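fold the following and give me the result.
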Amino acid sequence: MARLKVTLVKSLIGRKEAHKATAEALGLNKIGKTVEHEDTPQIKGMINKIDYLLKVEEV
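As a prediction, the model looks like this:
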């Protein structure tokens, strides 16, 4: 399975609670934080929900 490198590039201040919770579930809590996840449908769905806050790269 491929891996995805996900980086938070915009602030969570003023965002919907559901979007903040999604970012936290991905392991992102500060601007510039990067995490790696497996490329699964569940992770893709979370990324698509808050894609305007993230930068996603394939590793």
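
the strands in this structure, which residues?
3-8, 34-38, 54-58 (DSSP state E).

which elements pack onto the first one?
By that I understand strand 3-8. The contact analysis (3 or more CB pairs under 8 Å, 6 or more residues apart in numbering; DSSP states H and E) places strand 3-8 against strand 34-38, helix 41-49, strand 54-58. (C-beta placed from N, C-alpha, C; glycine too.)

which of the residues in the longest one are buried?
Within helix 41-49, the residues that count as buried by 16 or more other CB atoms under 10 Å are 43, 46, 47, 49.

between these, which is nearest residue 56?
Using CB to CB, residue 47 comes nearest to residue 56 of those, at 5.9 Å.

so which of the strands of the chain is the most packed in?
Burial of the strands of the chain is given as mean neighbour count (mean count of other CB atoms under 10 Å); strand 3-8 ranks first at a mean of 17.

partners of that one in the sheet?
strand 34-38 (antiparallel), strand 54-58 (antiparallel) (DSSP bridges).

could I get the ones you listed as JSON lines with mean pLDDT and distance to residue 2?
Below are those laid out as JSON lines (pLDDT from 0 to 100; distance: least, CB to CB, whole Å):
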{"stretch": "strand 34-38", "mean pLDDT": "97", "distance to residue 2": "8"}
{"stretch": "strand 54-58", "mean pLDDT": "97", "distance to residue 2": "6"}
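
nearest to residue 16, out of those strands?
strand 54-58 (15.0 Å).

thinking again about what came up before, right, and the strands of the chain - which one's nearest residue 24?
Of the strands of the chain, nearest to residue 24 by CB to CB is strand 3-8, at 10.4 Å.

that closest one vs helix 41-49, what angle?
Strand 3-8 and helix 41-49 are oriented at 30 degrees to each other (axes from the mean of the first three to the mean of the last three CA atoms, to 10 degrees).
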